[in-house]
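Asks: no FASTA, just this:
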């Protein structure tokens, strides 16, 4: 098996230069980098994983995690997955720093700056689908700091991988459940988090697309944004039901489920409205047991917390990109009979 020393001799450069190229660390002249990569391919170079992990222990890697608001109960389980993986990585002298932010792009940019000041080598984040975030991810990649997105993705960025649901398919699944659970004329109100978060818009797109063949009897009454806030959801769901008394189904495409369902109950509409939501958080589970919510679609939140850190650690210690760019979690449908 070829070694870095042999590649350096053939390329006429130092071993440090070869290491920077093969492990994507630091700037090397493009022509030199291409020459080194070509020699490595011809020699079928493979990194010594055990040695690289030992080297990582000496380097004291630090990874950053950026999640949305702690007020969204879904992220409790995501954070549990992060914590479990962080405890495992601690054995390799790798630490993890977590930031939970308000629902603003500026807060996310500030969190990135804070993690950089702490000296992180890679970042796992749930990104806003915003050009400023996209540009920052691209800059981070050029600086040798990889990003793995989790729970929601960002289009056309240089993040190295995504871990989370296939949201278009998830929205289509919700549409299929609605068809099975309703009959006659159905008027649906959609309650979402933010049009600036890709997973929310993709869920709605998948939901609406799957219902197109059935638009003679299933109609979208309106879409409201509640920014994953329970109080805002309570108020806007109440307004939605007042403005559209014909609504007999609600689709919660994001957080704010508890507040929205409380509004349904306060309006005396419990049992009259079929409700679909996401994630097996405690308040949602209780509402399913009470027959307020008809079904929830779950998305392996602990895996969404742990896998990005695994992918980052592997990349930073071996230089190998994740095997898959899109790492989709399983779709798990829960109803009253299997919610526990």
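Replies: Thanks, I have the structure now. As the structure is a computational prediction, the values presented were derived from the model and not from experiment.
Asks: Quick check: can you name the pairing partners of the strand or helix carrying residue 65 and their directions?
Replies: Using DSSP states H and E, residue 65 falls within strand 62-67. Its sheet considered, strand 62-67 pairs with strand 95-100 (parallel), strand 122-125 (parallel) by DSSP bridges.
Asks: between the ones you listed, which gets nearest to residue 34?
Replies: strand 122-125 (24.7 Å; CB to CB). Using the backbone N, CA and C atoms, a C-beta is placed for each residue, glycine as well.
Asks: On the C-terminal side of the strand holding residue 65, identify the next helix or strand.
Replies: Next element after strand 62-67 (DSSP H and E): helix 74-89.
Asks: Could you pull up the mean pLDDT of that next one?
Replies: Per-region confidence: helix 74-89 scores 94 on mean pLDDT.
Asks: ditto for stretch 60-71
Replies: 89.
Asks: ranges for the helices of the stretch 101-250 of the chain?
Replies: Along the stretch 101-250 of the chain, counting by DSSP state H, counting those that start in this stretch, helices occupy 105-117, 131-142, 167-181, 198-211, 230-243.
Asks: Throw those into a markdown table and include mean pLDDT and mean neighbour count, thanks.
Replies: Converted to a markdown table, the helices of the stretch 101-250 of the chain look like this (pLDDT from 0 to 100; neighbours: other CB atoms under 10 Å):
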| stretch | mean pLDDT | mean neighbour count |
| --- | --- | --- |
| helix 105-117 | 97 | 17 |
| helix 131-142 | 96 | 16 |
| helix 167-181 | 97 | 19 |
| helix 198-211 | 96 | 21 |
| helix 230-243 | 97 | 18 |
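Asks: isn't residue 300 right up against residue 328?
Replies: No: when contacts are counted by CB atoms under 8 Å, residue 300 is not listed as touching residue 328 (9.7 Å).
Asks: circling back to that earlier point, for residue 156, which of the helices of the stretch 101-250 of the chain is the nearest?
Replies: Across those, residue 156 has its closest neighbour in helix 131-142 (6.6 Å, CB to CB).
Asks: the inter-axis angle of that closest one versus helix 105-117?
Replies: 20 degrees (axes from the mean of the first three to the mean of the last three CA atoms, to 10 degrees).
Asks: Assign a three-state SS to residue 36, would you?
Replies: Using DSSP: H, G, I helix; E, B strand; the rest coil, the structure places residue 36 in helix.
Asks: Burial check on it, number of neighbours?
Replies: Residues lying near residue 36 (other CB atoms under 10 Å) number 24.
Asks: Confirm for me that it is in contact with residue 9.
Replies: No: using CB under 8 Å, residue 36 is not in contact with residue 9, being 11.6 Å away.
Asks: hmm, back to that, which of the residues in the strand holding residue 65 are classified as buried?
Replies: 62, 63, 64, 65, 66, 67 (16 or more other CB atoms under 10 Å).
Asks: List the residue ranges of this protein that fall below the pLDDT cut-off.
Replies: 1, 25-26, 47-59 (pLDDT under 70).
Asks: at 80 what do you get?
Replies: Across the chain, the ranges flagged by pLDDT under 80 are 1-3, 23-27, 44-59, 69-71, 103, 340.
Asks: Can you tell me the number of residues neighbouring the closest residue to residue 66 other than its chain neighbours?
Replies: What sits nearest to residue 66 in space, not counting adjacent residues and going by CB to CB, 6 or more residues apart in numbering, is residue 125, at 3.9 Å. By the measure other CB under 10 Å, the count of residues near residue 125 is 28.
Asks: Just send the buried residues of strand 62-67 back as TSV, with distance to residue 158 too.
Replies: Below are these laid out as TSV (distance: CB to CB, whole Å):
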residue	distance to residue 158
62	21
63	18
64	17
65	19
66	17
67	21
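Asks: Of those, which is the nearest to residue 321?
Replies: Closest approach between the buried residues of strand 62-67 and residue 321, by CB to CB: residue 63, at 16.6 Å.
Asks: from memory the closest one sits against residue 120, does it?
Replies: Yes: Residue 63 lies in contact with residue 120 (CB under 8 Å); the separation is 6.0 Å.
Asks: Which neighbours do the two have in common?
Replies: Counting by CB atoms under 8 Å, 6 or more residues apart in numbering, the residues touching both residue 63 and residue 120 are residue 97.
Asks: just to revisit the earlier point, for residue 223, find the nearest of the helices of the stretch 101-250 of the chain.
Replies: helix 198-211 (6.9 Å).
Asks: Report the angle between that closest one and helix 167-181.
Replies: Using the same axes, to 10 degrees: helix 198-211 against helix 167-181 is 40 degrees.
Asks: list the helices and strands helix 198-211 packs on?
Replies: helix 167-181, strand 186-192, strand 218-225 (3 or more CB pairs under 8 Å, 6 or more residues apart in numbering; DSSP states H and E).
Asks: Format these as CSV; extra columns: distance to residue 237.
Replies: CSV is the format used below for these (distance: least, CB to CB, whole Å):
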stretch, distance to residue 237
helix 167-181, 17
strand 186-192, 6
strand 218-225, 8
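Asks: Can you check which of those gets nearest to residue 293?
Replies: helix 167-181 (11.1 Å).
Asks: just checking, what packs against that closest one?
Replies: Using 3+ CB pairs under 8 Å, 6+ apart: helix 167-181 touches helix 198-211, strand 249-252, strand 274-278, strand 295-298.
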